[in-house]
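> Dropping the sequence and predicted coords here.
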Number of protein chains: 2
Amino acid sequence: MELKECGQRARRASLILGKMGTEMKNAALSAAAEAIISEEEAILAANALDIRRAKEKGLADGLLDRLLLTSERIMGIVEGIRQVCRLEDPVGEVISMKQRPNGLLIGQKRVPLGVVGMIYEARPNVTADAFALCFKTGNAVILKGGSDALESNKAIVSAIRNGLAASGVCGDAIHLITDTSRETAREFMRMNGVLDVLIPRGGAGLIRTVVENSTVPVIETGTGNCHIYVDESADLEMALDILFNAKTQRIGVCNACESVLVHRKAAKSFLPKMKQRLDAKQVEIRADRDSRVIVPEFAEAMEEDWGKEYLDYIISCKIVDSLDEAIEHINRYNTGHSESIITKSYENAQKFLNEVDAAAVYVNASTRFTDGFEFGFGAEIGISTQKLHARGPMGLLALTSTKYIIYGDGQIRK
Amino acid sequence: MELKECGQRARRASLILGKMGTEMKNAALSAAAEAIISEEEAILAANALDIRRAKEKGLADGLLDRLLLTSERIMGIVEGIRQVCRLEDPVGEVISMKQRPNGLLIGQKRVPLGVVGMIYEARPNVTADAFALCFKTGNAVILKGGSDALESNKAIVSAIRNGLAASGVCGDAIHLITDTSRETAREFMRMNGVLDVLIPRGGAGLIRTVVENSTVPVIETGTGNCHIYVDESADLEMALDILFNAKTQRIGVCNACESVLVHRKAAKSFLPKMKQRLDAKQVEIRADRDSRVIVPEFAEAMEEDWGKEYLDYIISCKIVDSLDEAIEHINRYNTGHSESIITKSYENAQKFLNEVDAAAVYVNASTRFTDGFEFGFGAEIGISTQKLHARGPMGLLALTSTKYIIYGDGQIRK
């Protein structure tokens, strides 16, 4: 199907989805989950094809693993859809309603965005996940997944459409772009009037491409150059635990810690312990000159290290003379994702919370908590690092807009 | 000053503004208002220069009027700033705070956006207005006004900066781009990392240019192809009053009515009365064939009329067979601004409110109420017709973002 037709169909479907009740949406989601189970064989066969081609292309092991589907992983996808079923439907809530002096009753009601576009990498699980979240919030979705996962995505979307059909819902609620050309990608990013928003999910390169080429409103997600600042007054054992967790619990994620700042008065005691602790996972520590005076084994940090999201067993390290210097450094080099201070000082905690410019600012906790599930949203469509519309982990609410509904009895403007 | 330097200075200023208390912000706004009063002479002289050049260029009368400043209009600008002073400061409010099972206390706090860019036409009053709203919400602002108002804008910004200086606030809170080249405009729209949002205010052409060329997040404002639907059960006198108000009370604004849809069963009685009523203001009525059978004096509507924002004493008119047809027509041709149904039917009112896709949907009231002041926000930076971030009239809240603040006591992720 041509992109233009996809768009028109999604647009029409969105008007129907927008007025669909929660019960019907949940029934359709359950049917989609069932269909994925009953079409597991076809999905696995399609995935095997993707995997074979990807191996021939010489795709890296990490990427192959993200592409791979197994029976267990398919059950994970199904369980994900079922979880979304159980979440409360935010659509239809009237957030506020006030009477104006002229008698007009003005309310603000939560409504779907309309048509959501998603561009993501070769991760077939995102396909079902994005559909479920968009569908639950009454949005149609147009998906453009990484070309390496094309066969898997086709099979998953086909199953979802069969499930929708079985529950009497139009399959146009979900579209997959199968044309992998650049021209189509470019056209997709310029579908104003069709797409209400475009959400890229993936690495820094993908997100930059979308931000630079899209004329449709974009929600920028993702890259995280997250810092932990160990204050003069920090409980050093707590700092070690949190740093170790934030750096090594999972390295390839945007909320992992990439840089540690240490107050000069804590450095002499902290840095050797930090080295010992991070050595357990062979973390490479790239440090400034002052840190290397204390621990000569540290590697040397270059200017470029301060801005880097390693997504690896590497961390940059710098000594600062004050909380102000730490805040200034963070606000200069961070990507607006997650930042944490380890401190016993009330004053410093509050100052850090107030002055650090990021989606999530922590006191005495790991940056790894920046996540829709950990925040209690029950789901996550991504983590916004921009300030417009949604900032931080995005759950169902981020997939809604509002409209004003106004009840009058003949009011005209004077 | 070069654009790049403007950006860096605004960025730095935004960090200071972000932590400035409400009292200091209000004092600085008052000082800016005072400075505009005391520099009235210079502002009027600059404006006279703009006006002379504009007349030489042959600018249309309507545009000249928007460009013109008088003592009275300057007092209006000053009063506007003072009103913003009196509004509640939304920054710092913690919207919600919840404790997670692991003990983390997660709150969502309202913060400034950072640096706001504004692109607008040759209306010097917008300069002070945009500054006041952005400053009150702790944002730095970079303004690019229409070139015809350049001298007036320079004089106003100079006065504001003097006012800020008098109250000890850095003048970098406001920047005016004085280079009117296309290259600079283009560069401005691509200042990712400096601008957090770009808000265009003006006609359809200006807004389209910004949407198509900007890589910075944009809030699309403005164009309104607003409909009034006269239902079968409408109180026809009320319908006439509302239609007359919405079409003629002020023709050049985005919330004016541009199209009327009439239920077939009401048409025979309503259309002749409507003609009579609109004749008082010599409104040209461009109608479909069925309407012209009833009132042959109506002009003929072309397909293109249904999508037009006339901003003039012209209205399109169409007979529909049902509420469904009216809703379908509106959702096809509208610009997502303001739509109104005139009806006595509870069921039809609710259906219209639910199914029409627009920022503001009315029952039995004029579309002219879509406005930040009429909605009780005390101010307006524009009317958003997109669904992301803000939809409908935007007051101070639309100029804020949020950040998550998280209080822990050593939590790490399992």
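Arrived safely, thanks for sending. Numbering: from 1, shown residues only, chains lettered A, B, ... in the order given.

> give the contact list for residue A:341.
Applying Cβ atoms under 8 Å, 6 or more residues apart in numbering or on different chains, we find residue A:341 in contact with A:228-229, A:231, A:323, A:326, A:348-349, A:352, A:362-364. Placement of C-beta: from N, CA and C, glycine included.

> where along chain A do the helices fall?
Ranges of helices in chain A, per DSSP state H, are A:3-18, A:22-38, A:40-57, A:61-67, A:71-86, A:124-136, A:150-166, A:182-188, A:204-213, A:236-248, A:264-279, A:289-294, A:323-333, A:346-355.

> returning to what we had before: what about the contacts of residue A:341, which one has the most neighbours?
Highest neighbour count within those, by other Cβ atoms under 10 Å in any protein chain shown: residue A:362, with 32 neighbours.

> Identify each buried residue in stretch A:363-373, please.
Within stretch A:363-373, the residues scored as buried using 16 or more other Cβ atoms under 10 Å in any protein chain shown are A:363-372.

> next one: stretch A:192-203
A:192, A:194-202.

> Just the C-alphas of that stretch, formatted as CSV.
Extracted C-alpha coordinates of stretch A:192-203, given in CSV (Å, rounded to 0.1, in the frame of the first residue of the first chain):
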residue,chain,number,x,y,z
ASN,A,192,1.7,17.0,8.2
GLY,A,193,-2.1,16.8,8.3
VAL,A,194,-1.9,13.0,8.6
LEU,A,195,0.5,12.4,11.5
ASP,A,196,-0.2,14.3,14.7
VAL,A,197,3.2,13.3,16.2
LEU,A,198,6.2,11.3,15.3
ILE,A,199,8.1,9.4,17.9
PRO,A,200,11.6,8.1,17.1
ARG,A,201,12.9,5.3,19.3
GLY,A,202,16.5,4.2,19.0
GLY,A,203,20.1,5.4,18.9
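
> That stretch: how far from the chain's middle?
Here stretch A:192-203 is found 13 Å from its chain centre; the criterion is Cα atoms, centre = their mean, to the nearest Å.

> go on, stretch A:106-113?
Taking mean C-alpha positions (Cα atoms, centre = their mean), stretch A:106-113 and its chain are 24 Å apart.

> Ok, stretch A:291-310 next?
Distance of stretch A:291-310 from the chain centroid (Cα atoms, centre = their mean) equals 29 Å.

> what does it rub up against?
With contacts defined as Cβ under 8 Å, 6+ apart, stretch A:291-310 is touched by A:204, A:223-225, A:251, A:254, A:258-259, A:262, A:267-268, A:271-272, A:275, A:284-289, A:316-319, A:329, A:332-333, A:335.

> hmm, 7 Å instead?
Contact with stretch A:291-310 is made by A:204, A:223-225, A:258-259, A:267-268, A:271-272, A:275, A:284-288, A:316-319, A:333, A:335, as judged by Cβ atoms under 7 Å, 6 or more residues apart in numbering or on different chains.

> what do you get for stretch A:395-405?
A:87, A:90-91, A:95, A:106-113, A:116, A:133-134, A:136-137, A:139, A:372, A:377-381, A:390, B:353, B:358-361, B:387, B:391-392.

> Can you turn the buried part of these into a PyMOL selection?
Only the buried entries of the contacts of stretch A:395-405 go into this PyMOL selection, using 16+ other Cβ under 10 Å:
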select buried, (chain A and resi 87+90+91+106+107+108+109+110+111+112+113+116+133+134+136+137+139+372+377+379+380+381+390) or (chain B and resi 353+358+359+360+361+387+391+392)
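
> Among the contacts of stretch A:395-405, which ones are in strands?
Members of these lying in strands (criterion: DSSP state E): A:95, A:106-112, A:116, B:360-361, B:392.

> contacting residues around residue A:378?
Shown in contact with residue A:378 (Cβ under 7 Å, 6+ apart): A:83, A:87, A:395.

> Could you give the average pLDDT over stretch A:306-320?
What stretch A:306-320 shows for mean pLDDT is 96.

> The closest residue to residue A:258 other than its chain neighbours: neighbouring residues, count only.
With sequence-adjacent residues excluded and distances taken as Cβ to Cβ, 6 or more residues apart in numbering or on different chains, residue A:258 is closest to residue A:225, at 5.1 Å. By other Cβ under 10 Å, the residues close to residue A:225 number 24.

> Over to residue A:354?
When neighbours are counted by other Cβ under 10 Å, residue A:354 registers 16.

> try residue A:58
7.

> so what's residue A:178 up against?
With Cβ under 7 Å, 6+ apart, residue A:178 has these contacts: A:150, A:154.

> Could you pull up phi and psi at it?
Dihedral pair for residue A:178: phi -100, psi -10, per degrees, to the nearest 10.

> pLDDT of stretch A:170-178, averaged?
95.

> And stretch A:136-151, by the same measure?
Averaged across stretch A:136-151, pLDDT comes to 97.

> And stretch A:215-235, by the same measure?
Averaged over stretch A:215-235, pLDDT sits at 93.

> Would you mind measuring the gap between the ends of that stretch?
48 Å (Cα to Cα, to the nearest Å).

> Restricted to strands, list the buried residues of stretch A:192-203.
Among the buried residues of stretch A:192-203, the members falling in strands are A:197-201 (criterion: DSSP E).

> with those in mind, which one is nearest to chain B?
residue A:197 (5.6 Å; Cβ to the nearest Cβ).

> Can you verify my assumption that that closest one contacts residue A:221?
No. In this structure residue A:197 lies outside contact range of residue A:221 using Cβ atoms under 7 Å: 11.6 Å.

> Which members of the ones in strands among the buried residues of stretch A:192-203 additionally contact chain B?
residue A:197 (Cβ under 7 Å from any Cβ of the partner chain).

> Make CSV from the ones in strands among the buried residues of stretch A:192-203 and add pLDDT to it.
Formatted as CSV, these follow (pLDDT from 0 to 100):
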residue, pLDDT
A:197, 95
A:198, 96
A:199, 95
A:200, 94
A:201, 90
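
> Looking at the stretch 101-250 of chain A, what residue ends up closest to chain B?
Here the stretch 101-250 of chain A gets closest to chain B at one residue, residue A:245, 3.6 Å apart by Cβ to the nearest Cβ.

> Number of residues surrounding that residue?
Neighbour number of residue A:245 under other Cβ under 10 Å is 22.

> give me the low-pLDDT residue ranges for the stretch 51-200 of chain A?
Counting by pLDDT under 70, the stretch 51-200 of chain A contains no low-confidence segment.

> Now stretch A:37-55: buried residues?
Neighbour counts over stretch A:37-55 (16+ other Cβ under 10 Å) mark A:39-40, A:43-44, A:46-47, A:50-51, A:54 as buried.

> got the CA positions of it in PDB?
Extracted in PDB, the C-alpha atoms of stretch A:37-55 (Å, rounded to 0.1, in the frame of the first residue of the first chain):
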ATOM      1  CA  ILE A  37      -0.300 -16.700  20.200                       C
ATOM      2  CA  SER A  38      -2.100 -18.600  17.500                       C
ATOM      3  CA  GLU A  39       0.200 -17.200  14.700                       C
ATOM      4  CA  GLU A  40       3.400 -17.900  16.700                       C
ATOM      5  CA  GLU A  41       4.700 -20.300  14.100                       C
ATOM      6  CA  ALA A  42       4.400 -17.900  11.200                       C
ATOM      7  CA  ILE A  43       6.000 -15.100  13.300                       C
ATOM      8  CA  LEU A  44       8.900 -17.400  14.300                       C
ATOM      9  CA  ALA A  45       9.400 -18.400  10.600                       C
ATOM     10  CA  ALA A  46       9.400 -14.800   9.500                       C
ATOM     11  CA  ASN A  47      11.900 -14.000  12.200                       C
ATOM     12  CA  ALA A  48      14.100 -16.900  11.200                       C
ATOM     13  CA  LEU A  49      14.200 -15.300   7.700                       C
ATOM     14  CA  ASP A  50      15.200 -11.900   9.200                       C
ATOM     15  CA  ILE A  51      17.900 -13.600  11.300                       C
ATOM     16  CA  ARG A  52      19.300 -15.500   8.400                       C
ATOM     17  CA  ARG A  53      19.500 -12.400   6.300                       C
ATOM     18  CA  ALA A  54      21.000 -10.400   9.100                       C
ATOM     19  CA  LYS A  55      23.700 -13.000   9.700                       C
END
